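Enquirer: Below is the sequence, then the predicted model.
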Amino acid sequence: MVSDSYARIYAAVRRIPVGRVATYGQIARVAGRVGARQVGYALHRLRDESVPWHRVINARGEISLGGEAGDVQRAMLEGEGVELDARGRVDLERYRWRGGA
DNA sequence: ATGTTGACCGACT
DNA sequence: GAGTCGGCCAACA
């Protein structure tokens, strides 16, 4: 059984619609009483495929992973219709999920 | 129990 | 835009 905080984080991530993205801080607020850092840590430890972790990016609209994982995440986002610029950055004003609050 | 570390954020220079 | 700093809190050695 995962901790309560993690459960809330995962639940929040699952609410992100396809083709949309959310920031760590945003998830942290929706989950409630969780630090943004905890969200990143929770997703790192995550291995559950029912959670769309790839739709979670940092406040700058960039993918926070390096190496292959980052490449994979970018590919999955593009596959859902999210556009990324040359720097691998997402236009938050346009793709940011506006639910949850 | 203590000290580091980390898929972060916001404010400041 | 780029670099620094403090705050956040759980996992790990």
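Expert: Sure, I can see it.
Enquirer: who in chain A is up against DNA strand B?
Expert: A:23-25, A:28, A:35-41, A:43-44, A:46, A:53-54, A:56, A:58-60, A:64-65, A:69, A:73 (Cβ under 7 Å from any atom of the strand). C-beta here means a position set from N, CA and C on the backbone, and glycine is covered the same way.
Enquirer: at 6 Å instead, please
Expert: With the criterion set to Cβ under 6 Å from any atom of the strand, chain A comes near DNA strand B through A:23-25, A:36-37, A:40-41, A:43-44, A:46, A:53, A:56, A:58-59, A:64-65.
Enquirer: So which of those residues belong to strands?
Expert: A:T23, A:V56 (DSSP state E).
Enquirer: Selecting buried members of the residues of chain A next to DNA strand B in ChimeraX, what would you type?
Expert: Per 16 or more other Cβ atoms under 10 Å, the buried members of those correspond to this ChimeraX selection:
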select /A:23,24,36,40,43,53,56,64,65
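Enquirer: and of the residues of chain A next to DNA strand B, the nearest to A:R96?
Expert: For the residues of chain A next to DNA strand B, the closest approach to A:R96 (Cβ to Cβ) belongs to A:T23, at 7.3 Å.
Enquirer: Let me see the mean pLDDT of stretch A:45-57.
Expert: For stretch A:45-57, mean pLDDT rounds to 88.
Enquirer: Low-confidence bits of chain A, can you list those?
Expert: A:1-2, A:101 (pLDDT under 70).
Enquirer: rerun at 80
Expert: A:1-4, A:47-49, A:100-101 (pLDDT under 80).
Enquirer: Would you point out which residue is most central in it?
Expert: The centroid of chain A falls nearest to A:V56 when counting by Cα atoms, centre = their mean (0.9 Å).
Enquirer: how much space between that one and DNA strand C?
Expert: 16 Å (Cβ to the nearest atom of the strand, to the nearest Å).
Enquirer: Much appreciated, bye for now.
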